[in-house]
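J.: starting from these lines, generate the structure:
(one chain, ligands or ions: 2)
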Amino acid sequence: MSSRQTIHYSVIVPAFRENGNIRPLVTRIFAALRRADSPVPAEQVEVIIVDDNSRDGSVENVQSLQQEGYNVRIVVRTTERGLSSAVVRGFQEGMGDNMLCMDADLQHPPEYVPTMLASLSPSSTFVLGTRYGKGVEMDKDWPVHRRIISAGARILALPLTSASDPMSGFFGIRKESFLKARNLNSQGFKIALDLLVKAHIPPHAIAEVPFSFGIRAEGESKLTGKVMIKYLEQLAELYWYKFSALVVFLLVLFVVVLLIFARSLMSDLPPAAQHKY
Ligand SMILES: Nc1nc2c(ncn2[C@@H]2O[C@H](COP(=O)(O)OP(=O)(O)O[C@H]3O[C@H](CO)[C@@H](O)[C@H](O)[C@@H]3O)[C@@H](O)[C@H]2O)c(=O)[nH]1
Ligand SMILES: [Mg+2]
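T.: Numbers count the residues shown, from 1 in each chain. Ligands and ions are numbered 1, 2, ... in the order given. I've put the predicted structure just below:
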């Protein structure tokens, strides 16, 4: 296993009940890093799984990967829950100057990890895996309602950042930029957006890497209706952070109209679909 001094890159993986995905994820990340053409040496990379007490065998799985020589560890949180706060915890734990966040469920291709990590530098302090770049497309099996929600969420974030896909959960940040961000919103799923705004990442410091968003390999998505409401709350907070009170007032008005519209749509949905969201 690599010594503390040689770790320059930390890959943070928030995970809840992802035991079935951990082995393929970790082995594919390191296989990509061990390729002769990898721009980043495997010995300089650690993987940190931040698990919220799943008790599904993830801990034992990580232990056996460690015994096989993979530089992976697992942080098990017992008193906290949530994707964003898990990512923040991982960034605090990471020893690297360059930190990447990716999902456990293989929707973010592990083969992109070397390129994503190598895109970070003192002048390029944020890297975003974007699903809206040239030549990439969503997996055709990604449900239509998720595409619509994603597009709507993206439009609402347009005034906050120039990044093409601030909803992405596949992103990296330099440690020094992460440490500049104050009062991060640890609720919900959209930690990349929070960091882009609160770490004051200028447009020229954002590198974008287009990737095709796959479908979950094992288990289920944890994105619920509650997460979407939390996103609207987060947006309101970020608008407040960035703009004048007048703009915030207009946004609140807009959100209220949107919520009413969403509720009327929901009441038209069959009960099974309502349960999912
Ligand atoms: N520790 C921890 N991890 C969590 C939690 N909730 C979710 N995760 C982990 O966070 C990752 C993403 O969760 P999913 O449930 O797979 O989310 P998704 O619906 O696929 O959403 C993804 O894509 C969105 C883009 O549409 C992203 O916006 C979102 O951040 C995420 O990357 C997975 O590794 C999952 O285990 C939690 O409460 N705690
Ligand atoms: Mg997923």
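J.: what does the stretch 101-250 of the chain have sitting close to ligand 2?
T.: Listed as neighbours of ligand 2 in the stretch 101-250 of the chain under the rule C-beta under 5 Å from the ion: 105, 107, 216. Just so you know, the C-beta spots here come from the backbone N, C-alpha and C atoms, and that holds for glycine as well.
J.: with secondary structure as added columns, please give these in CSV.
T.: As requested, those are exported to CSV (DSSP: H, G, I helix; E, B strand; the rest coil):
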residue, secondary structure
105, coil
107, coil
216, coil
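J.: export the residues you listed to CSV and tack on pLDDT and neighbour count?
T.: CSV is the format used below for these (pLDDT from 0 to 100; neighbours: other C-beta atoms under 10 Å):
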residue, pLDDT, neighbour count
105, 95, 21
107, 93, 21
216, 81, 17
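J.: which of the residues you listed sits closest to residue 165?
T.: residue 107 (13.3 Å; C-beta to C-beta).
J.: distance-wise, check residue 155 relative to residue 148.
T.: Counting by C-beta to C-beta, to the nearest Å, the gap between residue 155 and residue 148 amounts to 11 Å.
J.: which of the three states applies to residue 173?
T.: When the structure is split into helix, strand and coil by three-state DSSP, residue 173 lands in strand.
J.: the one 10 residues further on too?
T.: Applying three-state DSSP to residue 183 yields a three-state assignment of coil.
J.: contacts only, for it.
T.: For residue 183, the set of contacting residues under the criterion of C-beta atoms under 8 Å, 6 or more residues apart in numbering consists of residue 198.
J.: phi, psi for it please.
T.: Backbone torsions for residue 183, taken as degrees, to the nearest 10, come to phi 50, psi 50.
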